[in-house]
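Engineer: Structure for this input, please:
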Amino acid sequence: MQISDINRVVEQVSRDKGIDREVLIKALEEALKSAARKKFGNKMDIEVQYNNDSGEIEVFQFKDVTEEVTEPALEISLEEGRKLDPDCEIGDSLGTKMDTSTFGRIAAQSAKQVIIQKMKDAEKDAVYASFIERKGDIINGIVQRIDRGDIIVSLGHTEGILHVREQVPKETYRRGDRIRAYILEVLQESRGPQVILSRTHPNFLVHLFRTEVPEISEGIVKIMGASREPGVRAKFAVASNSDDIDPVGACVGMKGSRVQNVVQELRGEKIDIIPWHIDSAKFVCNALAPAEISRVIIDETNKSMEVIVPDEFLSIAIGKKGQNVRLASKLTGWHLDVKSETKYSAAMQIGYDSLISLPGIGISMADALYELGFYSAEEVGNAAPEDLIQVRGIGEEKALKLIAAAQAAVIEAEQAEEMAEAAPAESDELSAAEPESDTETGDEPAAAEAESDTETGDEPAAAEAESDTETGDELSPQEPESDEKDADKT
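Structural biologist: The predicted structure is shown next:
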């Protein structure tokens with residue numbers, strides 16, 4: 001098979017499809033090898049080589065030189081071998097160039113199928129290699145179609161998919177719309193590379209600011225973290241490597257131009273730009289802005305903070321449905337428990353009272369324990385004797401007694417709390433049972449009353465009627481007689 005301009009074809013396909021030239025040449029060599037085996041069988045020892053100088057693919061058949069030929073397809077006699085190479089000896093392997101034009105139509109079709117399949121595989125590998133390097137970047141595409149809520153995006157050589165869970169709520173797209181998304185994952189599948197896109201990932205917000213703020217791309221301003229509730233609100237922490245550059249001002253831009261571009265891309269999502277601080281407590285206070293913070297109690301072991309705010313700032317610190325404190329917790333990486341000063345003072349007073357209620361603890365000793373960080377009987381019960389010995393007037397024996405008494409007090413308080421919770425439940429059961437008893441017993445008296453009315457109430461009425469008729473009729477004839485007697489006397 002002579003292809004005089006094979007170099008030009010290989011170069012053009014490599015440029016159009018983005019496939020490496022060596023991969024294409026290897027595919028052609030395997031295709032011709034397959035065609036030769038299709039024509040002459042699998043027993044033949046065939047090698048295929050691409051000649052850069054002549055621009056053709058050469059096919060060679062190799063045979064071993066033997067004294068007696070038993071396999072003509074694999075062996076050649078010494079006499080025949082000397083015609084090809086006068087210096088050959090028995091045991092040598094001689095190669096002869098084959099005429100590829102004799103392979104036939106079936107072999108050529110087999111070679112074509114191999115070339116097509118190899119090119120498809122090579123194209124898939126090239127696309128995967130190009131996108132796997134861009135994982136974690138932003139890419140622009142065009143909406144191709146919408147399949148069961150998932151948006152299929154055309155990315156040029158391949159398609160990306162934007163799942164429903166990766167879409168910002170209330171965003172709508174139609175076919176042909178331009179869309180910008182974050183490359184979340186690149187998967188190598190049998191049908192080709194699959195690019196998973198996202199518009200809800202926090203890194204999408206980070207890359208948008210990176211494109212809008214030159215100081216971030218130059219390394220002057222550093223992004224320290226981001227948290228989002230897609231489509232609603234986001235928090236974005238930045239720090240500056242230069243004292244002359246305000247990181248928040250650099251991200252906001254002149255008259256808010258830079259941050260407004262990001263907000264427009266996110267369809268109106270509100271963004272809080274927060275200055276990062278090396279002190280975790282200060283960073284948390286910045287993250288909860290605009291709420292004012294009274295004090296912060298840090299628990300390094302559990303990586304949590306108890307944040308105390310004035311009563312009037314409690315709703316601001318928590319945010320709508322807990323949004324502000326939730327985003328601040330994600331941004332800082334600390335578990336935050338926001339409390340008002342009134343609630344905190346009441347809790348501290350209860351703890352202090354539980355300390356004084358312990359046997360052998362007076363006000364002075366309770367104050368001493370309070371200063372050491374034991375704010376309640378529960379904390380005393382969880383303490384080690386070595387910690388309590390530091391208080392003046394507490395020895396090892398008394399420390400053990402205090403711990404035991406504190407543990408007993410805690411258990412007693414828990415039992416009392418359980419009983420208090422069980423009491424309303426019992427009253428609810430009783431109140432639910434009362435209507436049932438009314439339905440069972442309350443209707444019977446009413447029915448009985450109705451019966452008694454029908455049985456007794458009608459009889460007196462009838463008796464009265466009878467008495468009226470009997471007595472009335474008897475009296476009425478007697479009245480005229482008395483009148484006649486009176487008239488005669490006169």
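
Engineer: Ramachandran coordinates for residue 336?
Structural biologist: Torsion angles at residue 336 (phi, psi; degrees, to the nearest 10) stand at phi -110, psi 130.

Engineer: which SSE is the closest residue to it other than its chain neighbours in?
Structural biologist: Distances taken as C-beta to C-beta, 6 or more residues apart in numbering put residue 329 closest to residue 336, at 4.8 Å, once the chain neighbours are dropped. (C-beta placed from N, C-alpha, C; glycine too.) In this structure, residue 329 sits in helix 323-332 according to DSSP states H and E.

Engineer: Keeping just the C-alphas, turn that helix into CSV.
Structural biologist: The C-alpha atoms that make up helix 323-332 are tabulated as CSV, following Å, rounded to 0.1, in the frame of the first residue of the first chain:
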residue,chain,number,x,y,z
GLN,A,323,-27.1,31.3,57.9
ASN,A,324,-24.5,33.7,59.2
VAL,A,325,-23.1,31.5,62.0
ARG,A,326,-23.2,28.4,59.6
LEU,A,327,-21.2,30.2,56.9
ALA,A,328,-18.7,31.5,59.6
SER,A,329,-18.3,28.0,61.0
LYS,A,330,-17.5,26.6,57.5
LEU,A,331,-15.1,29.4,56.8
THR,A,332,-13.1,29.3,60.0
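
Engineer: State the mean pLDDT of it.
Structural biologist: In this model, helix 323-332 has an average pLDDT of 93.

Engineer: Can you list the buried residues in stretch 14-23?
Structural biologist: Residues of stretch 14-23 classed as buried: 14, 17, 18, 19, 23 (neighbour count, 16 or more other C-beta atoms under 10 Å).

Engineer: now swap in stretch 188-206 and tell me
Structural biologist: 192-206.

Engineer: again, but for stretch 381-394
Structural biologist: So for stretch 381-394, counting by 16+ other C-beta under 10 Å, buried means 381, 383, 387, 388, 391, 394.

Engineer: same check, this time on stretch 51-62
Structural biologist: 55, 56, 57, 58, 59, 61.

Engineer: List the contacts of the residue most central in space within the chain.
Structural biologist: Geometric centre of the chain, nearest residue: residue 165, 8.4 Å, by C-alpha atoms, centre = their mean. By C-beta atoms under 8 Å, 6 or more residues apart in numbering, the contact set of residue 165 is residue 200.

Engineer: wait, is it part of a helix?
Structural biologist: Yes. Checked against DSSP: H, G, I helix; E, B strand; the rest coil, residue 165 lies within a helix.

Engineer: hmm, back to that, ok, the buried residues of stretch 14-23 vs residue 347, which is closest?
Structural biologist: For the buried residues of stretch 14-23, the minimum distance to residue 347 (C-beta to C-beta) is 65.7 Å, reached by residue 18.

Engineer: Give me the pLDDT for the closest one.
Structural biologist: Residue 18 is given a pLDDT of 70.

Engineer: Just want to check the distance between it and residue 161.
Structural biologist: The gap separating residue 18 from residue 161 is 21 Å, by C-beta to C-beta, to the nearest Å.

Engineer: and if you look at residue 8?
Structural biologist: 37 Å.

Engineer: Who has more neighbours out of these two?
Structural biologist: residue 161 (16 against 11; other C-beta atoms under 10 Å).

Engineer: Specify the beta-bridge partners of the more buried one.
Structural biologist: residue 152, residue 196 (DSSP bridges).

Engineer: how near is it to residue 354?
Structural biologist: 58 Å.

Engineer: can you check residue 177 too?
Structural biologist: 63 Å.

Engineer: mind listing which of the buried residues of stretch 51-62 are in strands?
Structural biologist: 56, 57, 58, 59, 61 (DSSP state E).

Engineer: Where does pLDDT dip in the stretch 1-150 of the chain?
Structural biologist: 1-6, 54-55, 100-104, 106-108, 111 (pLDDT under 70).

Engineer: quick one: the helices in it?
Structural biologist: Ranges of helices in the stretch 1-150 of the chain, per DSSP state H, counting those that start in this stretch, are 6-17, 21-40, 78-84, 104-132.

Engineer: looking at those helices, which is closest to residue 246?
Structural biologist: helix 104-132 (37.1 Å).

Engineer: hmm, back to that, wait, which of the buried residues of stretch 14-23 is closest to residue 302?
Structural biologist: Of these, the one sitting nearest to residue 302 (C-beta to C-beta) turns out to be residue 18, at 52.2 Å.

Engineer: my guess is the closest one meets residue 124, correct?
Structural biologist: No. Residue 18 lies out of contact with residue 124 (C-beta atoms under 8 Å); the separation is 10.9 Å.

Engineer: circling back to that earlier point, quick one, which of the helices of the stretch 1-150 of the chain gets closest to residue 318.
Structural biologist: Checking these against residue 318 by C-beta to C-beta gives helix 104-132 as the closest, at 42.0 Å.

Engineer: That's all I had, so thanks and see you.
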